[in-house]
Structure formats: structure tokens, C-alpha cells
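Chemist: Here you go, sequence then predicted model.
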Amino acid sequence: MLTSRTFLKRTRAGAVMKVVREHYLREDIACGAAACEQCGQQPGEPRLEAQPSGAASSLCPAPHYLLPDTNVLLHQIDILEDPVIRNVIVLQTVLQEVRKRSAPVYKRIRDVIADPEKHFYSFTNEHHRETYIEQEQGETSNDRNDKAIRVAAKWYDEHLKKINNEEIIQVILLTNDRNNKEKAVEEGLTAYTCEEYIKSLIANPDLVDRLACVSDEGKEIESGRIIFPEHLPLSKLQQGIKSGIYFQGTFRANRDNYLEATVWVYGDAEENKEIIIQGLKNLNRAVHEDLVAVELLAKDQWVAPSSVVLQDEGQNEDDDENEEEKENTLKSSVNKNMLRPSGRVVGIIKRNWRPFCGMLSKSQIKEARRHLFTPADRRIPRIRIETRQASTLEGQRIIVAIDGWPRNSRYPNGHFVKNLGTAGDKETETEVLLLEHDVPHQAFSQAVLSFLPKMPWSITEEDMKFREDLRYLCVCSVDPPGCTDIDDALHCRELENGNLEVGVHIADVSHFIRPGNALDQESAKRGTTVYLCEKRIDMVPELLSSNLCSLRSNVDRFAFSCIWEMNHNAEILKTRFTKSVINSKASLTYAEAQMRIDSASMQDDITTSLRGLNKLAKVLKKRRIDNGALTLSSPEVRFHIDSETHDPIDLQTKELKETNSLVEEFMLLANVSVAKKIHEEFSEYALLRKHPAPPPSNYDILVKAAKSKNLEIKTDSAKALADTLDKAESPDFPYLNTLLRILATRCMMQAVYFCSGMDNDFHHYGLASPIYTHFTSPIRRYADIIVHRLLAVAIEADSTYPELTDKHKLADLCKNLNYRHKMAQYAQRASVAFHTQLFFKNKGVVNEEAYILFVRKNAIVVLIPKYGLEGTVFFEEKDKPKPNLNYNDEVPSLTVENTTFYTFDKVKVNIMLDASNVQHQKIRMALVEPKVRHRLYNAKQHIIQLS
């Protein structure tokens, strides 16, 4: 049957256009009930059980299916995901509305529908002849959709009565809309609110805690005082942004001060790029990463960024005086020269809430159900939740979701989602850091795994038609110990004409991951492999990462090869790229490769190849550095793990060998060669990587620190910086140069992926290269897979596809890749920090030599070379007399009583684990030498407390 749908649409020019669409109605859409013989069920379709199993309800003891409306699906997704809730009918009307209003919830409900154990059925009611309804004149879309949901529920009720079952299966409409519920009951339907139904579940009282708190904000206002100004409606915000009254931007909360935030304003104007928000009312219920509208305050109300550390530790909502006192502290510490554009949040354009990890701060009131939850991320406000499990959840890491933030509430309301485990437990803390850094780490789905090659796998004759057979070459790989995802291998041999042939062979991952399939989509979403101290979160399934794509020794593997002909001065004479088959002759560690190069007795083919590569690498490195490439430093650590307890038993800084540099030089050369090739072929849509030059002000701290040691650092170009860093040495202080390079690293900008057609500046500042990309690690970086596809099309080894030549889609992909790489770095640092805490927890209190990296107003930041560990030594403590502090910003230096500290000074510190705050355990450092009278007393106090 054919009907038509008519709707009005406003064009860009402002005219109203009538649109008529054909709408097909069918009679053969199945109801999804397994016991139904009337409907032609497709084999293998997700089905509603013939005898619905699941939670027993006191309200509805008979077998039943659930049919939720749109708001229940949007707000109670945590409930619907619970294994207890099964046999649910999800209407097309509801699914379409959810898709419009929340992409994350839509993705989650699609995943639930796909889970065969949940028995969720998606019913296409908008195309079923008996359940489709027209929108009546004067009827709102919302009312029409509510009516469509009731019509579908009524149809199911009547339809299921025709099934020959011992007991008739009922349909329960779940709706939190009072009007919709009343109309449903009038029409003879069984309808409950989500809360009524969940509270009726006999064997699952804990499920009540997961109910989202969706109350009518307007009614709550009557019962309590108003703390916050009202948020303006979206229409007014859009008008205000268009007219320039308001600014739109991302809200970034301050980690160290809960009464301060900044908003990064969108747009081209440099003026008011960053607006400071200070004070509870001005912050107006915005949460970190929300998209907000901000009104600029008058200039006489502008404030300066605060240097005060304020943590929200209050349990009492009525403590207004305390809040005002804290806000006055911010104002009293203002430096008039530091005033910045300041504003207030007038509305929320888009919430960016996610489930938050943290711990329950149990209420002091006995038998209380309302408690505060303290998130692990200090930028997130505390959340009020209701739970009956407070005693069980105390000391546990839990996940909580925010439901809303009424004007009369000091904190947002939320609900309990999941218990992760005991705080401090290694597995639990790893799960927390992965969730908090948004690292996708769930097991690969069956849909993804279905695109993997079937085992046993072997190379066929068909494969060899399009590949060069390079198995005769003496190829080897050099990697860290224990590496199973080997991306790259190398070879070097002398040619008959006296020149050298050098090959970089990279795992051909793009052969196994084809564009657009589920495996490709999952890899693109993950973006990168994440390496934690004891765990690796793979970007691609293990069959590829550690087996079929890994260039292990003595097995045939597909590769993408970049082969140069060079002279002995490492000058490239010819470059070619080819898909190939290789057979690596050895998988070496850096130490093993170094031993072969240094050995006087070893003269085999592998060793000869390595020596040739090493000789060329030294020439390449010198040439790069002469061109202005930077050699920076950051202390990397390696943990030695106990094989039984899996706790760290030793902590050392990583030692870099000559062979590390050997591999790095050829990887850089391959990346540059490939970047040139793909940009030549695809000038508009090459995926490249750039490293912007830092603004001059970034170098202030480095220049001042060097000046304090009578050294000059020039920063007008990368070459000038590299040259002056090389000269900045002190015979009686050999570690000084490393410290300067560590500081220089902190001055740098982040390197980013970009699409060549969307940017003009390609330069890579750190490598002093005019063009650069990533080609050499496709097992662990998705960017490299795209680069492989571009290169394959360029050399006619593979065919193109639409998304590959769509610069806007490529730009969106780059945005995700940059985000995933940044979060992976943060997760790795968090993992190192946690294992460092475990190490010092077992080690107890130790004294070590350290160097001052930064001087602050009331503290010094020190680096301990032995452990590659950084920490802060504070000179002010609670409940202790304050020492006399004098900070000089120009030198920079800090005088404590009669002792002055300068950047790079050598000190001795006392290191211990402070476990007083279970959620935020940290390494605490106290000064031992030089002896500051007041501080020494405190350090002794710490040691006495620990013993």
C-alpha cells in the first residue's frame, strides 16, 4: 500500500517549501514473537522469547514484553542494558527519535538489539499497515509520536492474544510522561512509569539505584532556594551568538580550582579567544567539555587567572558563607596586570556528559540514601546519587552518570551505573584509567572478527601476481624486548655498481583491513594501540597484530616496501615502492643488534646488513641535525615486574642504544619519501603530519633557566635552538644539557595529523622537514593504514574508494586520530604514575638526588634522574607555621627563609607514597638537602608518621 507524507521545509533563502514523500506500507512485517505462527519470521532473526524470561514483577506476574517510549530509552539506557531486562520491543518511531536526539544512546541501543541473549526486537511500526498513523492538523510531532507508540502497543496487545499459548503474553508500555500514561490506561493498555516497574522487580532491588533521576526541574524550585541563574533557551542563545552578544565555546574546568574555568571560543577572531569564568554563579552548572554560550562581563569585572589551589571538599549544601569566602580568596589574589576577558555562562548548547569513574563519599547521616559521589577527574563536580548499597560501595571504584542539574541544587543529580572493583586493585585501577581517558578497550565484536582471514592462512598464487617476491633478501627486524607486533623490517646490500640498496619493509595491514567493513570501522574508531605498563590495548585483533601482520622471523609475510638506491654518503639516487612478500631472517632486540654490530667475530649476512645500515644512519642523522632537526629529551622509565605478584620491583630510566637511532633514521626517511609521493599524486587529500613551531613566549622558561647558568639559548629558528642546545654544556655539570633538552621538550607544540587540502602549512618543526607523514606503523596506528591505501593507489597496486578522496571526511578522521593519540599518551602516563606509586608503596621511604626543573611561587618541581620521576616539593603545609617565601619571576628563583633555589640546582629529596586519599594517592616529596630549618622539621615529621 502506498501513502504519502507531507511536510514543510524552510530553504536557505528563507522561503517555505512543501515536500511530499511517498511512504510504503506493508502487511508482511513480523511481530518478532517466537511463538507467533501468523507472522513469517526470518530464520536467525533476533526474537522475543515464546515464554518471556527475565525479572519477575509484582505489578505484572504474567509473562510480558516491555515497550518503552522515547524518553525511557533516552534516559534509562543503563537500566535497559542490564542483563535482567529482556524481551523488549523497540519501535521504529522511538528509534528514529533517539537517533535525532542522542547519537551515543542510539549506538548503545543498536548494540543491545544486536545481542541475541537480550531478546530485543526492533519493530518497523512506521511501515506496518496497521500501526502507521498520519499526523492530524494542529497536532504536534511529539503528540503524534506518542499516539503512534500507543497504537503499536494496542496492536501488539491484540495480536499476541491470537497466539496459542497457555498464558497470554501482555505488553507493558513504559512511559514517564503522565499524559501519555493516562491516555494509554484510558485506551485499555497496561502502562507504568519506568520507576514503578523497576521497583516492582522482586529479585532485583539493586536495579533501583540505576534509575536515572528525571524529575521536573520547575517543581523542585518551589521546594528549595535558587542557587543558579536560569539557562536561556537554545533559540535565544543562537540569536545572541549570531548578533555577537554571546560567544560559543568549549567549557574547560580548572583541575586545581573548582571555582574557575576557561571557555575556548570558536571563531577566527584572536580577541577574546579564551574567556575566564570565576565563581559558582558564573560557572552556572556547566561541566567540563560542555559546549556553552558565554556573555562577556564589563571590563571593570574582569579577573585574572587564579594561582590558588581550591578543592571542593564540602558535604554541606547550605554552606554559602564558605563558598563566598573562597570566591573572595580568588579576588584578593588578583594581579592587576594579569586581568583577562571574563564572562558568565548563560546557557548550555550541548552537554558532553559521559559515565564518570570515582568513589562514593558516604553520607554522615545514618540510614541515608542520598550520598555524594566524588569523580576521579578533579575537573568534574561531585554528583548526588541515591543508593541503598552505600555500605557495599564504600571503598569501591564505581561508575556514575549525570541525569540533570536543577537550579536549586549545589551539585548535579545522577545515578549509579556499575561497580568496577576495590580501589587500589591493579585490575580496577587499569579499568578506571582506560575509561577516564576514553580508550576503547572492549573485546572485538563478532561482526569485527568475521572479517579476519580464516585459519590456517597461506599465500596463494593469486596473491603473488600483484607482489614482488623479496624473500631472497636478508631482511631483519629490530625492536624492544618482548615485542610481538613487529611493524617494520630492514635490509641493506651492496649492488654490482658499487651503490647500496636499502629497504624498509612495513607490514601490509591494509591488505587484511578493507575499506568500510566492520574491522576497518573499529580500527578507525580506536585510532591507535595503547601501551600500558603491563597491558596492550590493540587497535586490530591479535590474529593480525601478533601473527599475520607481524613481520616475525622465518615466516612469509606480506609487506609494503620502500626501496632506495643510495651512494655511500646516504644520498638517495632512486626510490621505488612495491607491495611485496618477505621472509625476515631474524627478529632482534636493540641490545642483540648492537652486540652484532660491535662484535669483531661476527661476519654473517645479517650482521653485515646491520653494519651497513648503521653507517648510513649516522650520516643521515648528522645531515638532519645540520638542517636544524631537534634532539630533545624526556625521561622514559622501564619497570621490572615480579613474575608472581606482577608488582614493580625495580624502576629504571630507559637506556637508548645506537641501534635505536639506526631504526629511527630509516623510519623517518621512509615517512618523508612516502609523504612526498602521496602529496605528488593526491595534492588535495594526502594524510600528512605536521609539527607547528611554538610561539616565542613558550620558550621564556627555557631561556631564563639557561640564563641563570650563564648560558644563551637562541629560539628564533629550530636550527638556532638545536645549535645553542648542542653548545650549552658545563664541564662540572654534565647532566645540565639533558635538563635543558627536557625543558625544551616542554616548550613544544603537539604534532598533529591533517589533510593536505585543508591546510597550507606542512612543515614539521622538530624534524626540520618540509613534509612528513606516518607510514611505518600500520599495526598500531590507523593513520598509517590510510597512507598505505593512498600509496597503493598512487603506484596502481590497489583501487581507490570515495571516502579516500573526500577531504572533509579525511579532516574528520584526522580530528579523531589526533584525539585518540592524545588520550593514549595521557593513559600511558597515568599507567606509569600508578605503577610508580605501587613501586614506592612496596619500597617505603627513600632519599634520592634530584634537580630543580621549575621554580613556583610556593614550591619547586624536581626531577629524579635515577627513576625518571618528577614531583613537587611544597614549602607550605596545613596546620604548620608558614615559612617566609620570596619568589623572583625574572631569574627565576625562590627564597625560603635564608635559602635560595634556582632552576637546575641539585637537591636531595625524601620520596614516599601518600595514601591518605584513597582515590588520589600520590608520590609526596620533602626536601632533605639543602637544609631549610622549618622544612627539615616537617620532613622528619613525615618520616615519624610513616614509621
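Modeler: Perfect, I can see it now.
Chemist: so is H568 in a helix, a strand, or just coil?
Modeler: H568 carries the three-state label coil when classified by DSSP: H, G, I helix; E, B strand; the rest coil.
Chemist: quick one: it and N497 touch, right?
Modeler: No - under the criterion of CB atoms under 8 Å, H568 makes no contact with N497, lying 11.9 Å away. (Each C-beta comes from the backbone N, C-alpha and C, glycine too.)
Chemist: Okay, strands next: where are they in the stretch 451-600 of the chain?
Modeler: Ranges of strands within the stretch 451-600 of the chain are 468-469, 476-479, 488-494, 500-507, 530-531, 536-537, 556-566, 572-583, 586-589, based on DSSP state E, counting those that start in this stretch.
Chemist: Looking at those, which is nearest to K418?
Modeler: For these, proximity to K418 was assessed by CB to CB; strand 536-537 is nearest, at 19.2 Å.
Chemist: From the contact counts, what lies against the closest one?
Modeler: For strand 536-537, the contact count by 3 or more CB pairs under 8 Å, 6 or more residues apart in numbering; DSSP states H and E identifies no helix or strand as a packing neighbour.
Chemist: mind running it again at 10 Å?
Modeler: strand 530-531 (3 or more CB pairs under 10 Å, 6 or more residues apart in numbering; DSSP states H and E).
Chemist: partner strands of the strand it packs on, parallel or antiparallel?
Modeler: Here strand 530-531 has these sheet partners by DSSP bridges: strand 536-537 (antiparallel).
Chemist: For the partner strand, which outside residues touch it?
Modeler: If you take CB atoms under 10 Å, 6 or more residues apart in numbering as the criterion, strand 536-537 is touched by 430, 434, 439-442, 484-485, 526, 528-531, 542, 545-546, 780, 824, 827.
Chemist: On the three-state scheme, N71 is what?
Modeler: The local conformation at N71, judged by three-state DSSP, is helix.
Chemist: Which residue, neighbours along the chain excluded, lies closest to it?
Modeler: Using CB to CB, 6 or more residues apart in numbering and skipping residues adjacent in sequence, the residue nearest N71 is N176, 5.5 Å away.
Chemist: now swap in L297 and tell me
Modeler: Distances taken as CB to CB, 6+ apart put S342 closest to L297, at 5.0 Å, once the chain neighbours are dropped.
Chemist: okay, now that neighbour: neighbour count?
Modeler: The tally of other residues near S342 (other CB atoms under 10 Å) stands at 21.
Chemist: and the nearest residue to E929 once chain neighbours are set aside, what pLDDT?
Modeler: Excluding the flanking residues, the one nearest E929 by CB to CB, 6+ apart is K908, at 3.9 Å. Here the pLDDT value assigned to K908 is 88.
Chemist: can you check Y819 too?
Modeler: pLDDT, read off for Y819, is 93.
Chemist: burial count for it?
Modeler: Around Y819 there are 12 residues (other CB under 10 Å).
Chemist: wait, doesn't it sit right on D438?
Modeler: Yes - if you go by CB atoms under 10 Å, Y819 and D438 touch, sitting 8.2 Å apart.
Chemist: just to revisit the earlier point, return the members of the contacts of strand 536-537 classed as buried.
Modeler: Among those, the ones that count as buried by 16 or more other CB atoms under 10 Å are 430, 434, 439, 441, 485, 526, 528-530, 545-546, 780, 824, 827.
Chemist: Adding distance to A617 as columns, could you present those residues in JSON lines?
Modeler: Formatted as JSON lines, those follow (distance: CB to CB, whole Å):
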{"residue": "T430", "distance to A617": "37"}
{"residue": "L434", "distance to A617": "36"}
{"residue": "V439", "distance to A617": "34"}
{"residue": "H441", "distance to A617": "36"}
{"residue": "D485", "distance to A617": "23"}
{"residue": "R526", "distance to A617": "32"}
{"residue": "T528", "distance to A617": "26"}
{"residue": "T529", "distance to A617": "26"}
{"residue": "V530", "distance to A617": "29"}
{"residue": "S545", "distance to A617": "27"}
{"residue": "S546", "distance to A617": "28"}
{"residue": "R780", "distance to A617": "22"}
{"residue": "A824", "distance to A617": "28"}
{"residue": "A827", "distance to A617": "31"}
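Chemist: Identify those among those that sit within helices.
Modeler: Taking DSSP state H as the definition of helices, the buried ones among the contacts of strand 536-537 contribute 430, 434, 526, 824, 827.
Chemist: farthest pair in those residues?
Modeler: Spatial extent of those (CB to CB) is set by the pair T430 and R526 at 16.9 Å.
Chemist: if I look at I513, how far off is E195?
Modeler: 45 Å (CB to CB, to the nearest Å).
Chemist: Those two: which has the busier surroundings?
Modeler: Between I513 and E195, counting by other CB under 10 Å, I513 is the more crowded of the two (24 against 17).
Chemist: Am I right that that one is in contact with L543?
Modeler: No - with contact defined as CB under 10 Å, I513 and L543 do not form a contacting pair (11.9 Å).
Chemist: Report the set of residues contacting both of those two.
Modeler: 452, 549.
Chemist: before we move on, the earlier item: between the ones in helices among the buried ones among the contacts of strand 536-537, which sits nearest G138?
Modeler: Closest to G138, out of all of these and judged by CB to CB, is R526, at 49.2 Å.
Chemist: Distance-wise, check the closest one relative to A184.
Modeler: 43 Å.
Chemist: The residue nearest to M925 when sequence neighbours are not counted: neighbouring residues, count only.
Modeler: Distances taken as CB to CB, 6+ apart put G871 closest to M925, at 4.2 Å, once the chain neighbours are dropped. Neighbourhood size, G871 [other CB under 10 Å]: 21.
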